[in-house]
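Peer 1: How does the following fold in three dimensions:
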Amino acid sequence: MADDIELPAAADLPIDEEMDDAEYEDKVNVEKDLSGDGGCKKTILKVGKGWEGPEKGDEVTVHYVGTLLDGTKFDSSRDRDTPFTFKLGEGRVIKGWDTGVATMKKGELAQLVCRADYAYGVAGSPPTIPPDATLMFEVELISWRSVKDITGDGGVIKTIITEGQGWQTPKDTDEVVVSYTARIPPTPAAGEKAQPAAEAGAPVVASSTEGGATFYVNDAPCSGFAAAVKSMKKQEQVVLLLKPEYAAGVADVPEGQLLEVEFSLDELHQVSQPGAGVSKKTLSEPEGSYTKPNDGSTVKVRVTTRSADGSTVYEDTREVEYVTDEEQVPEGLELAITSMRAGEHAIVTVTEPVLAAVPDGAVAGTGVPAGAAPVVYDVMLLSFQKAKEKWEMNHQEKLASALARKEKGNAAYKAGRLARAARQYNAAVETANSINEGDLAPNPVSSTSEEAGPNPGSVLSQAKDVKKTCMNNCAAVELKRQNWTEAAKQASKVLELDPSNVKALYRRAQARMGLAELIEAELDIKRGLLIEPDSTDLQALHRRLKVQLRELNKKEA
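Peer 2: The predicted structure follows:
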């Protein structure tokens with residue numbers, strides 16, 4: 001086929017059952033058997049706030065009133081006007097409390113009925129609690145502080161002081177801005193309770209500068225900071241206790257002591273790779289919509305273009321409007337823009353010169369010298385209007401889109417832009433695959449046959465041709481990139497549609513030679529020669545294969 005690249009020699013789906021959110025809501029005055037054996041029962045008297053609850057190891061604060069079944073009160077934190085604090089799930093209180101409080105939410109008021117084996121057992125607790133007594137507690141969960149052993153070896157203990165915002169936490173490659181103040185708490189005297197370092201007057205041994213410390217997570221000042229920050233959300237404030245090996249790099253901590261750090265995650269700049277050779281660091285992004293531009297979208301952006309060290313401004317800040325996938329901006333910049341949401345502000349770094357190359361007629365990202373890299377773009381996506389998605393197109397629009405993609409892929413291939421070529425070919429195949437025979441209906445026919453649109457059979461035939469051409473061309477791209485496995489895969493797809501496709505046999509044979517699958521390669525070559533005995537390309541490849549086979553036989557001899 002002439003367009004083949006020549007190589008040199010849900011929502012409506014039924015569900016099984018309907019989920020009723022009401023089943024999972026907390027209900028007042030409904031008794032629940034928490035232990036499963038009747039040993040600990042809970043009745044909510046006042047529903048708490050939110051959906052989160054304390055976990056094992058958290059430091060919880062409660063008010064409570066304890067009574068016997070006859071109503072006799074034996075203890076009350078309310079009478080003392082002093083809430084009670086304990087670590088949950090560590091056996092520091094009766095079993096019924098560890099069981100019951102773990103199911104509560106902040107502000108919840110509940111009645112716990114604890115059988116003797118979930119309370120003080122057969123012996124009781126004289127003189128106030130008789131032997132083998134079932135107890136009732138009215139418990140209010142005031143608050144809790146989350147205490148976590150981040151590393152699992154006690155090397156980094158994190159206590160949450162203020163909960164963070166959202167759900168995102170940093171990855172190794174993300175940039176963060178943190179504030180911290182570090183002290184070494186004094187060792188308490190025998191019998192004394194340890195005090196927070198600041199309260200004990202311990203001097204500051206390390207701290208962040210004004211405005212916070214900025215670093216990538218995988219390049220944190222100490223391993224303890226890296227471990228802790230990956231568990232945090234933006235604006236979360238914590239206290240860290242670090243063993244000496246986890247504090248190294250921030251402070252020298254004597255063996256046997258800990259570094260206490262007041263630590264907060266002030267900013268989170270997520271780093272992603274929209275494409276090979278393109279890195280995007282998000283400085284700010286809007287809440288709400290997660291829609292992003294697609295190919296053919298009309299976008300409005302604000303862009304500044306400069307060198308990586310900032311010493312050279314290639315293009316001053318400018319606002320432009322353009323259509324994506326029409327080569328109106330450098331390819332690397334466009335890969336980043338199509339990964340953004342309206343209102344997102346990011347720093348984009350392009351390390352591959354071909355992706356920073358300025359296309360003819362570019363409207364942004366200009367001024368970059370040929371071959372320059374890395375190039376940095378400070379870009380904000382102001383707004384965009386999406387193009388039609390495949391599911392919004394009729395079959396003729398889909399076919400036109402697939403053909404246009406194929407042409408763009410051919411142009412990119414000839415220009416040596418292999419990554420773009422592969423994307424275009426794959427998109428063409430995807431669009432052509434969405435043209436299904438069952439969805440096609442004959443186009444309306446007017447009074448004259450000349451005005452009739454293409455019939456379904458013609459559309460399906462053209463779609464099949466597009467798929468064969470683009471998959472064959474994808475194989476050519478992957479051969480150039482020496483990605484033998486993918487090249488063989490693409491050629492095999494063509495052969496599924498057209499078992500006698502000589503170009504696909506030729507390209508799969510090349511890929512199999514690259515994979516050292518020489519017997520399979522020879523079968524492809526011989527099969528192709530049966531179809532086109534005079535093919536000089538196949539004959540030349542067969543000679544190369546024979547040389548490769550002889551060399552292999554020599555090594556094995």
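
Peer 1: any idea how far residue 279 is from residue 220?
Peer 2: For residue 220, the distance to residue 279 (Cβ to Cβ, to the nearest Å) stands at 19 Å. To be clear about C-beta, it is placed using only N, CA and C from the backbone, and glycine gets the same treatment.

Peer 1: what do you get for residue 457?
Peer 2: Relative to residue 279, residue 457 is positioned 47 Å away (criterion: Cβ to Cβ).

Peer 1: For this structure, which helix extends over the most residues?
Peer 2: Secondary structure assigned by DSSP state H gives helix 456-480 as the longest helix of the chain.

Peer 1: Would you mark the buried spots in that helix?
Peer 2: Neighbour-count burial for helix 456-480 flags 459-460, 462-463, 465-480 (criterion: 16 or more other Cβ atoms under 10 Å).

Peer 1: Give the burial count for residue 537, as a bare number.
Peer 2: When counting by other Cβ atoms under 10 Å, one arrives at 18 neighbours for residue 537.

Peer 1: Helix or strand: which one has it?
Peer 2: Assigning secondary structure by DSSP states H and E places residue 537 in helix 536-556.

Peer 1: Any buried residues in stretch 498-510, and which?
Peer 2: Judged by neighbour count using 16+ other Cβ under 10 Å, the buried positions of stretch 498-510 are 501-510.

Peer 1: Quick one: mean pLDDT over it.
Peer 2: Taken as a whole, stretch 498-510 has a mean pLDDT of 96.

Peer 1: ok, residues contacting it?
Peer 2: 4, 7, 468, 471-472, 475-476, 479, 487-488, 490-492, 494-495, 521-522, 524-525, 527-528, 531-532, 535, 537-538, 541, 545 (Cβ atoms under 8 Å, 6 or more residues apart in numbering).

Peer 1: Can you mark which positions in the lowest-mean-pLDDT helix or strand in the chain are buried?
Peer 2: Lowest by mean pLDDT, DSSP states H and E among the helices and strands of the chain is strand 147-149, with a mean of 86. Neighbour counts using 16+ other Cβ under 10 Å place 147-148 of strand 147-149 among the buried residues.

Peer 1: how far does that strand sit from the chain's center?
Peer 2: 25 Å (Cα atoms, centre = their mean, to the nearest Å).

Peer 1: Distance of the residue of the chain positioned farthest from its centre relative to residue 89?
Peer 2: Ranked by distance from the centre of the chain (Cα atoms, centre = their mean), the top residue is residue 127, with 58.4 Å. Noted for residue 127: a distance of 29 Å to residue 89, by Cβ to Cβ.

Peer 1: do residue 543 as well
Peer 2: Counting by Cβ to Cβ, the separation of residue 543 from residue 89 is 74 Å.

Peer 1: Likewise for residue 496?
Peer 2: Distance of residue 496 to residue 89, given as Cβ to Cβ: 57 Å.

Peer 1: Those two: who's more crowded?
Peer 2: Residue environment comparison for residue 496 versus residue 89 gives the larger neighbour count to residue 89, 18 against 11, counting by other Cβ under 10 Å.

Peer 1: what residues are up against that one?
Peer 2: Contact partners of residue 89, counting by Cβ under 8 Å, 6+ apart, are 55-58, 98, 102.

Peer 1: Most neighbours among those, please name it.
Peer 2: Looking at those with neighbours defined as other Cβ under 10 Å, the largest count falls to residue 58 at 21 neighbours.

Peer 1: residues touching it, list them.
Peer 2: Contacts here follow Cβ under 8 Å, 6+ apart; on that basis residue 58 touches 87-89, 144-147.

Peer 1: Mind picking the two most distant members of the residues you listed?
Peer 2: Within these, 89 and 145 form the most distant pair, 13.9 Å apart (Cβ to Cβ).

Peer 1: what helices or strands is the very next helix or strand once past the longest helix of the chain leaning on?
Peer 2: Beyond helix 456-480 on the C-terminal side, the first helix or strand identified by DSSP H and E is helix 484-497. Contacting helix 484-497 under the criterion 3 or more Cβ pairs under 8 Å, 6 or more residues apart in numbering; DSSP states H and E are the following elements: helix 456-480, helix 502-514.
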